[in-house]
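Peer 1: need a structure here:
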Amino acid sequence: MSITVGLDNYLVHGVHGFYDEEHLKPQPFNISIRVDLSSTVEDGKIGTTIDYAHLQQAIDAVVLNSEPIRLLESMAQRISGQIQSSELVEKVVVRIEKPEAPLPHPGGLPYIEYTWNR
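Peer 2: Predicted structure coming up:
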């Protein structure tokens, strides 16, 4: 049996990016997290699962409450680190989309996806 808990398309604004000018004004980051649980969930016991609010708080702690992060890969690892300490968690997948990333010409949606396994 496998249970996945997730939060998709959480839009937050932060001052992150490789280039110094990206640290001057907030830009959007669209973040999705998927968590695979390693144990059976007991009805009525929130402590046997991962609360959606915890997923949002993990993103907020990294994107809203940290110094500028240069690489999305590092951002994803930090977000995952906020979640993977729970023994209930078997796998964490973090996807970060950066729709306003500086590209040489218009087109495409830049993203990274990070996977952590216990």
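
Peer 1: pretty sure Asp8 contacts Ser32?
Peer 2: Yes. Asp8 lies in contact with Ser32 (C-beta atoms under 8 Å); the separation is 4.5 Å. All C-beta atoms are positioned from the backbone trio N, CA, C, and that covers glycine.

Peer 1: What ranges does this protein have for its strands?
Peer 2: 4-14, 27-37, 89-97, 111-117 (DSSP state E).

Peer 1: what packs against the first one?
Peer 2: With contacts defined as 3 or more C-beta pairs under 8 Å, 6 or more residues apart in numbering; DSSP states H and E, the packing partners of strand 4-14 are strand 27-37, helix 52-63.

Peer 1: do the same with the third one
Peer 2: Taking 3+ C-beta pairs under 8 Å, 6+ apart as the contact definition, the neighbouring helices and strands of strand 89-97 are strand 27-37, helix 72-83, strand 111-117.

Peer 1: before we move on, the earlier item: mean neighbour count, mean pLDDT and distance to Ile50 added to the strands of the chain, as CSV?
Peer 2: Output for the strands of the chain, formatted as CSV (neighbours: other C-beta atoms under 10 Å; pLDDT from 0 to 100; distance: least, C-beta to C-beta, whole Å):
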stretch, mean neighbour count, mean pLDDT, distance to Ile50
strand 4-14, 14, 97, 5
strand 27-37, 20, 97, 5
strand 89-97, 21, 97, 7
strand 111-117, 15, 98, 14
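
Peer 1: what would these look like in CSV with distance to Thr48?
Peer 2: Supplementary listing: the strands of the chain in CSV, determined by distance: least, C-beta to C-beta, whole Å:
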stretch, distance to Thr48
strand 4-14, 11
strand 27-37, 8
strand 89-97, 12
strand 111-117, 20
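
Peer 1: Gln56 is nearest to which of the ones you listed?
Peer 2: strand 4-14 (6.2 Å; C-beta to C-beta).
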